[in-house]
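1. Model the structure of this input:
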Amino acid sequence: MAAKSQDQLTLQGAKIAIAAAEAEARAIGVDMNIAIVDASTHLLHFSRMPSAKITSISIAMDKAFTAAGHRVGTHMYKEAVWPGGVAYGLGNSNGGRFTTFGGGLPIKNAKGDVIGGIGASTGTPAQDEQVVRAGVEAVEEVLREEGKRSSKL
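-> A predicted model of the protein is given here:
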């Protein structure tokens, strides 16, 4: 049986996502910590803008980790993790890295496979999500321009 190959997010793709996310952060006036991980949840690229909160560095990384590892945006858990919710306590999993508030999104190829994740932190969860969405959309746009989703990004 042949091994299945999977598209991978490269450093080039991560830099595209970071540049777009930083531009969005500047547009809304909130310096951010922005992390990109690969599909295996390992850090691929990181940016800390000048006024981003030091305490948000690990939060941005954990949002990217959660989005890539669980394959959905971190905002999806908001209601489920409250006391009595179906996923109450989930935030304590993975050594406390599992993030259950907005600001982390998976990065997917055309087939819907997760090739990475992006997380941002310093603003409100809505601002963080707006910033990471810009990063995801930038990667998707480049892939559309290439006419395919390949391992080039």
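
2. Strands along this structure, start to end?
-> Ranges of strands within the chain are 33-38, 43-48, 104-108, 114-121, based on DSSP state E.

3. Quick check: which of these is buried the most?
-> Between those, the one whose residues have the most neighbours on average, counting mean count of other C-beta atoms under 10 Å, is strand 114-121 (a mean of 30). The C-beta positions use only the backbone N, C-alpha and C, and glycine is treated the same way.

4. now it, how far from the chain's geometric center?
-> Here strand 114-121 shows a centroid-to-chain-centroid distance of 2 Å under the convention C-alpha atoms, centre = their mean, to the nearest Å.

5. helices or strands up against it?
-> Using 3 or more C-beta pairs under 8 Å, 6 or more residues apart in numbering; DSSP states H and E as the contact criterion, the neighbours of strand 114-121 among helices and strands are helix 11-28, strand 33-38, helix 57-70, strand 104-108, helix 125-146.

6. strand partners of it, parallel vs antiparallel please.
-> If you go by DSSP bridges, strand 114-121 pairs up with strand 33-38 (antiparallel), strand 104-108 (antiparallel).

7. could these go into a markdown table alongside distance to R26 and mean pLDDT?
-> Output for those, formatted as a markdown table (distance: least, C-beta to C-beta, whole Å; pLDDT from 0 to 100):
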| stretch | distance to R26 | mean pLDDT |
| --- | --- | --- |
| strand 33-38 | 12 | 98 |
| strand 104-108 | 19 | 96 |
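
8. ok, the closest residue to I107 other than its chain neighbours - contacts?
-> Of all residues not flanking I107 in the chain, G116 sits nearest, at 4.2 Å (C-beta to C-beta, 6 or more residues apart in numbering). Applying C-beta atoms under 8 Å, 6 or more residues apart in numbering, we find G116 in contact with L9, G13, A14, I36, V37, D38, A39, L44, A64, A68, P106, I107.
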